[in-house]
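J.: Okay, predicted coordinates and the sequence, questions at the end:
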Amino acid sequence: MSYVKIIEEYRRYYMGESTIVANNGISFEIEKGEFAIILGPSGAGKSTVLNILGGMDTPDEGHVFVDGIDIATYNSKKLTKYRREDVGFVFQFYNLVPNLTAKENVELATQISPNALDVDNVLEDVGLGDRKLNFPAQLSGGEQQRVAIARALAKNPKLLLCDEPTGALDYETGKQILKLLQDTCKNTGTTVIVITHNTAIAPMADRVIHIHNAKVRNIEVNAAPLPVE
Ligand code: ADP
Ligand code: ADP
């Protein structure tokens, strides 16, 4: 059974007289431990899918199974718990608390999580073992994104959801972050879902879900994804 399974999911926004259909019958599956990419141009409906998977938005129709449970049936209380405990988020901009150290930023996330991992180990895993007492302003963009990834992973989430995680980084630094995400899947079995408009990343993913005009256009499965290097 698939770890993530979305069946005929619709999300519409009503703006006065007009209706924007952001997701129009989206269906796809992702296996546990996969590095999956949701790829498509701006406005295609990618963030809407990610927001629904992350419990930040709810579909108008359809089923959204994560680890066997249909989160589309969750009320807001259950969704809040799901968001806090089961999902890690990584955004384009790192959203770190500026007056807390790297380690304190990660600890903040683990305080509300019952499955939390050892913060020092996670910081070590993302390559920040020797920078954990630095404040965000003392870290490079790539290092700040590593803190954000550590913060998300330290909850030991079912899903790590990343919205354009390399969007604010230069090419080389972005590559290192992609490599970290790819290695995270391989080494920890975490299911990672990245949304991007960058087609160059596709060969490095286990699965690429192409979204165009609110629909899934096609799905590629890479039996042997290229290592990021
Ligand atoms: P992408 O992430 O691929 O750029 P989005 O999922 O953000 O696409 O958006 C899909 C469509 O839904 C777009 O036309 C967008 O303007 C619209 N949309 C997204 N969020 C909202 C919202 N909260 N209210 C109204 N329209 C929205
Ligand atoms: P954009 O500016 O449209 O986001 P970029 O070309 O800057 O796209 O790529 C975004 C990130 O994806 C880069 O930071 C880079 O690290 C990574 N990337 C793109 N192409 C490759 C590639 N062929 N191999 C490895 N990483 C890549």
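T.: Great, that's in hand. Ligands and ions are numbered 1, 2, ... in the order given.
J.: ok, now which ones touch the residue nearest the centre of the chain?
T.: For the chain, the residue nearest the mean C-alpha position is Leu161 (1.0 Å; CA atoms, centre = their mean). Leu161 is in contact with Leu50, Leu53, Gly54, Val87, Gly88, Phe89, Val90, Ile193, counting by CB atoms under 8 Å, 6 or more residues apart in numbering. Heads up, the C-betas are built off the backbone N, CA and C, glycines and all.
J.: Let me see the backbone angles for the residue lying closest to Ile26 once chain neighbours are set aside.
T.: Sequence neighbours aside, Glu9 is the residue nearest to Ile26 in space, at 4.5 Å (criterion: CB to CB, 6 or more residues apart in numbering). Here is the backbone geometry of Glu9 (degrees, to the nearest 10): phi -90, psi 130.
J.: Is Pro203 located within a helix, as I assumed?
T.: Yes - assigned with DSSP: H, G, I helix; E, B strand; the rest coil, Pro203 falls within a helix.
J.: which residue does the protein bring closest to ligand 2?
T.: Closest contact between the chain and ligand 2, by CB to the nearest ligand atom, is at Gly174 (1.8 Å).
J.: Could you report the separation of that residue from ligand 1?
T.: 18 Å (CB to the nearest ligand atom, to the nearest Å).
J.: correct me, but that residue touches Thr166?
T.: Yes - between Gly174 and Thr166 there is a contact at 3.3 Å, judged by CB atoms under 8 Å.
J.: Arg11 pairs with what?
T.: Note on Arg11: beta-bridge partners Asn23, judged by DSSP bridges.
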